[in-house]
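*Asks:* here is a sequence with its predicted model. Questions after.
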Amino acid sequence: MDAGPGAADATAMWRALLARRGGARIALPAPADAETARLRALFAPLTEPPSAPDGVFVTAHLAQSLDGRIATASGVSRWISGESDIVHTHRLRALHHAIIVGAGTVRHDDPRLTTREVEGESPVRVVLDTDRRLHHGHLVFQDGLPTLLACAEDAARPCGGAEILRLPRTGRGLDLHALVTALRARGLTHLFVEGGGVTIGRFLAAGLIDRLHVAVAPLLLGSGIPALALPELLRPEQGIRFPLVPHRLGDDMLFDCAIGRRTTS
């Protein structure tokens, strides 16, 4: 946390939120200023005990341009959103037991997926690679930190230092309900889906997102990779509607979307 007026209050609020990681029933201090009120409003809902029948709470986050792109056509996404959203993302990592990304995110960005910008633990990293096409040289497989590589049962084979998590196929990807169940069995009850758009779209289509944070940058790309990949609809009323609250995040706007679990057919 930066030094300055109110920094001690913000630090105290953040540490109280960290103490609630995983659904611990610990009271939060009353907000002392606008920053501590923002921290509490954004992050307290993510530390509540899961209410879904599967016993898991799932948060997702994406950063996009004003025209709805999360990367250029060649896959470059660094950096669409600003520094404040990077810090926000690391706060989300610190509050969750596990962070989930698709193989495309690892292939294009080679992220570390650790908590470095804020105080807090790094989550277990879960990489979804249905057909086991990633190579062992990516950072998440080389640094010795806990990593699960989720792949189809018929494609499982070793990869660097990752533990293989075998899952059934469904459609063109993995059975995400089976993934959530497998992670819950390991005591990982609060899951953070960081990207990319295809992976978050699949979680949304499966009705598995409780909370979605969308950072929108004042940037126009004109072309590139769409923010979300969702099944085609015939009518607008078939879409997913939800309450949302906007927050200023540096130069970006963050939309806190209370998606809620849905039953899918």
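*Replies:* Looks like it arrived, so ask away. Residues are numbered from 1 along each chain as shown.

*Asks:* how much space between Glu163 and Val106?
*Replies:* Per Cβ to Cβ, to the nearest Å, Glu163 is found 16 Å from Val106. From N, CA and C alone the C-beta is placed, and that goes for glycine too.

*Asks:* these two: which is more packed in?
*Replies:* It is Val106, of Glu163 and Val106, that has more neighbours when counted by other Cβ atoms under 10 Å, with 24 against 12.

*Asks:* can you verify that one is assigned to a helix?
*Replies:* Yes. According to DSSP: H, G, I helix; E, B strand; the rest coil, Val106 belongs to a helix.

*Asks:* next helix or strand past the strand of greatest length in the chain?
*Replies:* In the chain, with assignment by DSSP state E, the single longest strand is strand 57-65. Heading C-terminal from strand 57-65, the first helix or strand you meet, by DSSP states H and E, is strand 69-71.

*Asks:* quick one: contacts of that next one?
*Replies:* Under the contact criterion Cβ atoms under 8 Å, 6 or more residues apart in numbering, strand 69-71 has outside partners 62-64, 77, 80, 108, 195-197, 221, 223-227.

*Asks:* ok, now with 6 Å
*Replies:* By Cβ atoms under 6 Å, 6 or more residues apart in numbering, the residues outside strand 69-71 that reach it are Leu62, Gln64, Ser77, Gly197, Leu221, Gly224, Ile225, Ala227.

*Asks:* what pairs with that strand, and is each one parallel or antiparallel?
*Replies:* The pairing partners recorded for strand 69-71 under DSSP bridges are strand 225-226 (antiparallel).

*Asks:* which residues touch Thr72?
*Replies:* Gly224.

*Asks:* 8 Å instead, please
*Replies:* Leu221, Ser223, Gly224, Ile225.

*Asks:* so it versus Pro168, what's the distance?
*Replies:* 34 Å.

*Asks:* next one: Glu48
*Replies:* 30 Å.

*Asks:* again, but for Thr115
*Replies:* Shown here: Thr115 relative to Pro168, a distance of 31 Å by Cβ to Cβ.

*Asks:* start and end of stretch 194-214, how far apart?
*Replies:* 11 Å (Cα to Cα, to the nearest Å).

*Asks:* if we can go back for a sec, looking at Thr115 and Pro168, which is more packed in?
*Replies:* Using other Cβ under 10 Å as the criterion, Thr115 and Pro168 rank with Thr115 on top: 20 against 12.

*Asks:* you'd agree the more buried one is up against Pro123?
*Replies:* Yes. Counting by Cβ atoms under 8 Å, Thr115 touches Pro123, with 7.4 Å between them.

*Asks:* returning to what we had before: give me the sheet partners of the longest strand of the chain and which way each runs.
*Replies:* strand 190-195 (parallel), strand 211-217 (parallel).

*Asks:* how long is stretch 152-172 end to end?
*Replies:* Stretch 152-172: ends 11 Å apart by Cα to Cα.

*Asks:* likewise stretch 66-84?
*Replies:* Distance between the two ends of stretch 66-84: 17 Å, counting by Cα to Cα.

*Asks:* what residues of it count as buried?
*Replies:* Arg69, Ile70, Ala71, Ser77, Ile80, Ser81, Gly82 (16 or more other Cβ atoms under 10 Å).

*Asks:* same question, stretch 176-196
*Replies:* Buried residues in stretch 176-196 (16+ other Cβ under 10 Å): 176-180, 182-184, 188-196.

*Asks:* cool, and stretch 112-119?
*Replies:* Here stretch 112-119 shows Leu113, Thr114, Thr115, Val118 as buried, counting by 16+ other Cβ under 10 Å.

*Asks:* again with stretch 233-249
*Replies:* Leu249.

*Asks:* Gly201: neighbour count?
*Replies:* Neighbours of Gly201 under the rule other Cβ under 10 Å: 20.
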